[in-house]
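Peer 1: fold the following.
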Amino acid sequence: MAKSSVSMKLLINKEAGRVLYAEASKDCVDFLFYILSLPVAKLISLVGKQQMVGCLANLYDSVENLNDSYIQPNKNKDAFLQPPTSCSYVPLLALEDSFYTCAQSCNNPTAVCPSCRRFVNMAMHYVYPRGGKKQYCEEGGGFVRGVVSYMVMDDLVVKPMSTISTLTLLSKFNVKEVGALQEKVVHLGMPQAVKLLKASLETDEVLTTVFLKGPRK
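Peer 2: Reported below is the predicted structural model:
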């Protein structure tokens, strides 16, 4: 499957060394909101147990290392470690992941299906609804509508793009000279998306952390 990515245009305050906001498309915003639907175990799996802050990774390890003799016979570890998302759509950025199935339509290539006890190792490919990607985006696919661009703030506050919002933000950060600003187009694929996810659990300067190589001093 081809790698999925979208672009965002960052507006950077060069003097402060931070991202003020990003101009983002529907695809990018769909992915950001999709994060809210991910189970905690999926977040830990994406970010990596060793990269997690706090103790949630310890819970993940505890389930992973628990001997099967202590688990109810009608239960399975994968119900906790690889739970399905409750979201009814799959954003474009999530499509870089491979999908797997067994006779019961599970989705973990290393797991044993709790229903049929077969390995979940048959690769699948995502197929867009009739009309392809363009029609999918134009006719209500995803979560938000694609009729406008969106502002994504450094702390991941998302709102429709408008001139008033832009001017208000520049005033908030006391930006008086246009020369202090820089535009930068960045690509957001799954590697950057995982970094963004990790940063969102650690700081309120997420875009600055991911795209300007570290938090503002």
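
Peer 1: residue 200 contacts residue 207, doesn't it?
Peer 2: No. Counting by Cβ atoms under 8 Å, residue 200 does not reach residue 207; the two are 10.0 Å apart. No exception for glycine: its C-beta is placed from N, CA and C like everyone else's.

Peer 1: more neighbours: which of the two?
Peer 2: Ranked by neighbour count (other Cβ atoms under 10 Å), residue 200 and residue 207 place residue 207 first, with 24 against 18.

Peer 1: what sits against the residue lying closest to residue 158 once chain neighbours are set aside?
Peer 2: Leaving out its chain neighbours, the residue that sits closest to residue 158 by Cβ to Cβ, 6 or more residues apart in numbering is residue 152, at 5.4 Å. Shown in contact with residue 152 (Cβ atoms under 8 Å, 6 or more residues apart in numbering): 8, 21, 22, 24, 28, 29, 32, 158, 207.

Peer 1: element containing residue 152?
Peer 2: Here residue 152 sits within strand 150-153, counting by DSSP states H and E.

Peer 1: mind listing what that strand pairs with, with the direction of each?
Peer 2: Strand pairing for strand 150-153, using DSSP bridges, gives strand 18-24 (antiparallel), strand 158-160 (antiparallel).

Peer 1: among those, which is nearest residue 43?
Peer 2: Ranking these by proximity to residue 43 (Cβ to Cβ) places strand 158-160 first, at 18.7 Å.

Peer 1: now the element after that closest one, going C-ward?
Peer 2: Helices and strands here follow DSSP H and E; after strand 158-160, the next one along the chain is helix 163-172.

Peer 1: okay, and the beta partners of the spatially closest residue to residue 20 that is not a sequence neighbour?
Peer 2: Closest residue to residue 20 apart from its sequence neighbours, by Cβ to Cβ, 6+ apart: residue 11 at 4.8 Å. In this structure, residue 11 has beta-bridge partners residue 21, residue 183, where bridges are defined by DSSP bridges.

Peer 1: what's the straight distance from one end of stretch 63-76 to the other?
Peer 2: Counting by Cα to Cα, to the nearest Å, the length from the leading to the trailing residue of stretch 63-76 is 10 Å.

Peer 1: how about the helices in this structure?
Peer 2: In the chain, the helices defined using DSSP state H lie at 26-34, 40-47, 56-65, 78-81, 132-138, 163-172, 190-200, 206-211.

Peer 1: what angle sits between the second one and helix 56-65?
Peer 2: Yep, that's helix 40-47 we're talking about. Per axes from the mean of the first three to the mean of the last three Cα atoms, to 10 degrees, the angle that helix 40-47 makes with helix 56-65 is 100 degrees.
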